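Asks: pasting the structure only:
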């Protein structure tokens, strides 16, 4: 079995099936791929703890049938321990099904680039990229172990069946190398090409670098019977790709460029190179606008540059009289995604007279540094003295917090008390309010939802529930926006962006089912960049 975010949905389904008595794990023996070294089993980042929380404690598996590499083995006994782990696999009859994820270096288990095809369970050093990826769970790369115990590539290849799971676009490039690239020890996952019974399960974002999605026209060289139908999206993708290949502007592409790069069928289906170039150029041009809420149809020769006129005053590049004044809601998963990703657009929407609302869906409290809380509590104590308030109360709290900070450790997950999380929430939300107001949003149009799914105090959040959706529904019903912006970066490492956008879409779906007519007219745009 594998750990990490990738297989958690699979494990959730196995739990459901077990509770429904569709499957039993009474006679199942499991071996986990890896564990950090050194690592205590009860530690926050331990794979032993992870597997207990996401699978083993919820199913009817016997404790003696669960095997997870031990991160507490004395260093002088690690080699012997690894040999015994291999023996335990052999004694169990070998591995029938091997579940794998893939790391950004192409590692399977912790088999980093260069791991031999014949390697078995062993202690290895972790690649810097792997440690950087794990730094969020360890609250800094300096806390990430430099070593791990992992089953070897040879151990994995001995499995009767291998299931390779890969979800999210962050893994698209490496999964393409693993599936379509050279089978090499430089990318450990690519060695699975030599396994007789491996199936890769990918979602669409993870598939985007595969030839079938990225350059389907090139497949016709190998399969002349393949018939590719060029719709608008594929035409645009092909022409942009061709422009980059030829290092030419779109309007400068020639018929010969299309033929040279095996895009003959595109011209046969869609017309001349000139007409295709013009279609793609205009479709891209039409997607760029200075009026994000739309523009009235009154013709204008040219937008004026910003200048100070002696009698007319300051004139805007984009005249607000031309804009369609609409109710706009901008959903921000964390209290900064909006201004980071579309701050200029928010300012433009406000400048053009739209009724703009920013909605912060979570507090983002766990991202606030402890030093910020220390500084703020110190400020509060000093301010209390200035106004003659109860200084003892503030100083008592400051001492309490400082003691908590001193006792926090990586092993316990650096979890904060409820009081400290509340202070961090207020700090983050006050910054978000300032940013919105600076962009031109009215203070009364800034909404702080603090959705329940986020309030775990940990990096891992709860699933979105109906209680989250109801909060979003109530706000949408109150405002009844004409335009909605939501986070479209759905590969957020911890899923907060995905969950927040799902809550918005579910809320709209339920409102439409309840007969709210305004929902049918809403324009929904996704932004990304944070």
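Replies: Okay, I see it. Everything quoted here is computed from the prediction, not taken from an experiment.
Asks: hey, where'd the helices end up in the stretch 201-350 of the chain?
Replies: Along the stretch 201-350 of the chain, the stretches classed as helices by DSSP state H, counting those that start in this stretch are 204-207, 211-214, 232-246, 255-260, 264-270, 273-286, 337-351.
Asks: Comparing the ones you listed, which comes out most buried?
Replies: Taking mean count of other CB atoms under 10 Å as the contact definition, the stretch among the helices of the stretch 201-350 of the chain with the greatest mean neighbour count is helix 337-351, which reaches a mean of 21. In this view, the C-beta of every residue, glycine as well, is placed from N, C-alpha and C.
Asks: hang on, the earlier thing: would you mind putting the helices of the stretch 201-350 of the chain into CSV with mean pLDDT and distance to residue 64 alongside?
Replies: Compiled in CSV, the helices of the stretch 201-350 of the chain are given as follows (pLDDT from 0 to 100; distance: least, CB to CB, whole Å):
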stretch, mean pLDDT, distance to residue 64
helix 204-207, 90, 36
helix 211-214, 91, 45
helix 232-246, 96, 54
helix 255-260, 96, 64
helix 264-270, 92, 60
helix 273-286, 94, 62
helix 337-351, 95, 47
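Asks: could you dump the ones you listed to JSON lines with distance to residue 5?
Replies: Formatted as JSON lines, the entries for these read as follows, by distance: least, CB to CB, whole Å:
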{"stretch": "helix 204-207", "distance to residue 5": "13"}
{"stretch": "helix 211-214", "distance to residue 5": "23"}
{"stretch": "helix 232-246", "distance to residue 5": "29"}
{"stretch": "helix 255-260", "distance to residue 5": "42"}
{"stretch": "helix 264-270", "distance to residue 5": "38"}
{"stretch": "helix 273-286", "distance to residue 5": "34"}
{"stretch": "helix 337-351", "distance to residue 5": "20"}
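Asks: Flag the shaky bits of this structure, pLDDT-wise.
Replies: Low-confidence segments of the chain, defined by pLDDT under 70: 296-323, 409-414, 457-460, 491-494, 530.
Asks: Specify the residue ranges that define each domain of it.
Replies: Domains of the chain are assigned by the TED database as 6-209, 215-287, 320-368+417-527, 370-403.
Asks: roughly how far out does stretch 100-113 sit from the chain middle?
Replies: Relative to the chain's own centre, stretch 100-113 is displaced by 19 Å; criterion: CA atoms, centre = their mean, to the nearest Å.
Asks: before we move on, what about stretch 134-153?
Replies: For stretch 134-153, the separation from the chain centroid amounts to 20 Å (computed by CA atoms, centre = their mean).
Asks: buried set for that stretch?
Replies: By neighbour count with 16 or more other CB atoms under 10 Å, stretch 134-153 contains the buried residues 134, 137-139, 143-145, 147-153.
Asks: start to end distance for that stretch?
Replies: 21 Å (CA to CA, to the nearest Å).
Asks: By residue count, which helix of this protein is the longest?
Replies: Using DSSP state H, we find that the single longest helix of the chain is helix 418-439.
Asks: residues of that helix that come out buried?
Replies: Of all the residues in helix 418-439, those buried under the rule 16+ other CB under 10 Å are 420-421, 423-425, 427-429, 431-433, 435-436, 439.
Asks: Could you look up the SS state of residue 525?
Replies: What DSSP: H, G, I helix; E, B strand; the rest coil gives for residue 525 is strand.
Asks: Which one of the helices of the stretch 201-350 of the chain lies nearest to residue 389?
Replies: The stretch from the helices of the stretch 201-350 of the chain with the least distance to residue 389 (CB to CB) is helix 337-351; that distance is 33.5 Å.
Asks: Would you mind giving the orientation angle of the closest one with respect to strand 523-527?
Replies: Using axes from the mean of the first three to the mean of the last three CA atoms, to 10 degrees, the interaxial angle of helix 337-351 with respect to strand 523-527 works out to 130 degrees.
Asks: Packing partners of helix 337-351?
Replies: Of the remaining helices and strands, those touching helix 337-351 by 3 or more CB pairs under 8 Å, 6 or more residues apart in numbering; DSSP states H and E are strand 327-332, strand 355-360, helix 418-439, strand 483-487, strand 523-527.
Asks: Any chance of a markdown table for these, columns distance to residue 380?
Replies: As requested, the helices and strands packed on helix 337-351 are exported to a markdown table (distance: least, CB to CB, whole Å):
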| stretch | distance to residue 380 |
| --- | --- |
| strand 327-332 | 27 |
| strand 355-360 | 23 |
| helix 418-439 | 9 |
| strand 483-487 | 33 |
| strand 523-527 | 36 |
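Asks: For residue 188, which of those is the nearest?
Replies: For these, distance to residue 188 was read as CB to CB. The smallest value, 32.9 Å, belongs to strand 483-487.
Asks: for the helix or strand following that closest one, packing partners?
Replies: Per DSSP states H and E, strand 483-487 leads on to helix 496-513 as the next helix or strand towards the C-terminus. Contact partners of helix 496-513 among helices and strands, from 3+ CB pairs under 8 Å, 6+ apart: strand 327-332, helix 466-479, strand 483-487.
Asks: What are the buried residues along helix 496-513?
Replies: Taking 16+ other CB under 10 Å as the basis for neighbour counts, the residues of helix 496-513 that come out buried are 496-504, 506-508, 510-511.
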